[in-house]
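Chemist: Sequence first, then the predicted structure, then my questions.
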Amino acid sequence: MATTRILILGPAAGLLLATSGAAGADLPVKAKPIEYVKICSAYGPGFFFIPGTDTCMKIGGYLRVDTTFNGGIQGTPPWNADAGQHNRYFDYFAARSRMLLSIDTRTATEYGVVRTFGQGRFTFSTLGNNTFNPNSINGSLPVAGSQLLETPGGGFVSIQYLFIQFAGFTFGQSASAYASPWQGYPGNITDFLLGGQNTDTGVQNIQYTADFGNGVTGSIGLDDPTVWDRTAVYNLSLPLNATLNTGNAYAGVHAPDVVGNIRVDQAWGLFQISAAAHEVNASYNVLNALG
């Protein structure tokens with residue numbers, strides 16, 4: 001009898017333990033909370049909170065493909081070289097493909113919103129604006145005298161804007177206060193419009209913008225003219241050179257450009273008046289090369 005009791009109780013004890021183990025495995029386990037991306041509506045459509053931060057970000061851009069017939073890329077008129085002559089080398093059309101990518105962030109602080117912005121372009125074009133001669137085509141690397149803008153598998157990347165804004169101030173590479181917003185891409189296919197410098201590519205500057213309400217703003221800034229805003233200065237010589245191609249005599253930059261604008265944005269459209277002060281200085285001047 002003793003042996004029988006052990007055999008019965010043994011399996012019973014084992015069954016009890018197995019049942020207890022199964023019950024323990026079925027207990028609910030608290031899952032780690034999932035942090036979803038949240039919409040940030042404070043700064044307009046397209047913004048979202050970067051997970052784990054109070055910073056809102058917007059990723060934007062566009063894709064653009066255009067073809068110009070009887071001209072060059074970017075709507076350039078056919079006035080140079082093979083295009084201007086319409087000789088046998090002339091290509092009847094030229095094309096450009098472009099992608100723009102921008103990253104815009106906003107962070108609210110005790111002293112106001114801090115904004116950072118960066119924008120770059122990735123572009124590939126066919127032959128440049130000066131010649132369409134197929135003899136200038138090189139299948140690997142650009143060579144001396146080549147008039148190609150890009151080579152096969154190449155293209156170029158350009159940085160348009162990189163700036164920080166805070167309390168009305170802008171620091172970095174941004175559109176000049178002198179620039180007119182109706183020029184250049186993506187608003188127009190050509191840059192050959194009146195209205196001064198366009199807003200396609202920013203310049204190194206420091207600006208301050210005051211908001212007077214009712215859509216009226218005023219901006220003043222200091223632009224670095226080294227890259228974009230210097231023209232050609234030529235020496236005078238006897239006999240006078242009517243084509244002004246005797247060499248560039250522009251001196252170094254001594255002071256930034258002082259620029260500003262008054263702008264009105266209303267439902268009917270946009271009005272802007274702008275002005276700039278720029279120093280033009282020469283490195284040397286020869287009045288009589290024969291004397």
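Modeler: Okay, I see it.
Chemist: Which residues lie in contact with the residue lying closest to residue 222 once chain neighbours are set aside in this structure?
Modeler: Of all residues not flanking residue 222 in the chain, residue 256 sits nearest, at 4.1 Å (CB to CB, 6 or more residues apart in numbering). Every C-beta, even on glycine, is put in place using the N, C-alpha and C of the backbone. When contacts are counted by CB atoms under 8 Å, 6 or more residues apart in numbering, residue 256 touches 205, 222, 223, 224, 225.
Chemist: Among the residues you listed, which one has the most neighbours?
Modeler: residue 223 (25 neighbours; other CB atoms under 10 Å).
Chemist: Next one: it relative to residue 203, how far apart?
Modeler: 5 Å (CB to CB, to the nearest Å).
Chemist: Between the two, which contacts overlap?
Modeler: 176, 229.
Chemist: pretty sure residue 51 belongs to a helix, no?
Modeler: No: according to DSSP: H, G, I helix; E, B strand; the rest coil, residue 51 belongs to no helix; its state is coil.
Chemist: Looks like it contacts residue 37 (just checking).
Modeler: Yes: using CB atoms under 8 Å, residue 51 makes contact with residue 37 at a distance of 6.3 Å.
Chemist: The strand ranked longest in the chain packs against which elements?
Modeler: In terms of residue count, the longest strand belonging to the chain (DSSP state E) is strand 93-109. Counting contacts by 3 or more CB pairs under 8 Å, 6 or more residues apart in numbering; DSSP states H and E, strand 93-109 is packed against strand 55-69, strand 112-125.
Chemist: model confidence over the first one, on average?
Modeler: This predicted structure assigns strand 55-69 an average pLDDT of 92.
Chemist: mind listing what's buried in the very next helix or strand once past that strand?
Modeler: Using DSSP states H and E, the next helix or strand after strand 55-69 towards the C-terminus is helix 81-85. Residues 81, 82, 83 are the ones in helix 81-85 that count as buried (16 or more other CB atoms under 10 Å).
Chemist: Can you tell me which of the residues you listed is closest to residue 250?
Modeler: If you rank the buried residues of helix 81-85 by distance to residue 250 using CB to CB, residue 81 comes first, at 26.2 Å.
Chemist: mind checking pLDDT for the closest one?
Modeler: At residue 81, pLDDT is 71.
Chemist: Also the one 3 residues further on?
Modeler: With respect to pLDDT, residue 84 has a value of 79.
Chemist: okay, now the nearest residue to it once chain neighbours are set aside: neighbour count?
Modeler: Distance criterion CB to CB, 6+ apart; nearest residue to residue 84, sequence neighbours excluded, is residue 78 at 5.8 Å. When neighbours are defined as other CB under 10 Å, residue 78 has 20 of them.
Chemist: Run through the residues that contact residue 78.
Modeler: 70, 71, 72, 84, 86, 90.
Chemist: can you give me phi and psi for it?
Modeler: Residue 78 adopts backbone torsions of phi -80, psi 70, taken as degrees, to the nearest 10.
Chemist: can you tell me how far it sits from residue 55?
Modeler: 49 Å.
Chemist: list the buried ones in stretch 275-282?
Modeler: Applying 16+ other CB under 10 Å to stretch 275-282 flags 276, 278 as buried.
Chemist: Can you check the distance spanned by it, start to finish?
Modeler: Length of stretch 275-282, first residue to last, CA to CA, to the nearest Å: 23 Å.
Chemist: What lies in contact with that stretch?
Modeler: With CB under 8 Å, 6+ apart as the criterion, stretch 275-282 contacts 176, 178, 196, 223, 225, 229, 231, 233, 249-251, 253-255, 257-261.
Chemist: Just the buried ones from those residues?
Modeler: Once neighbours are counted (16+ other CB under 10 Å), the buried part of the contacts of stretch 275-282 comes down to 176, 178, 196, 223, 225, 229, 233, 249, 253, 257-261.
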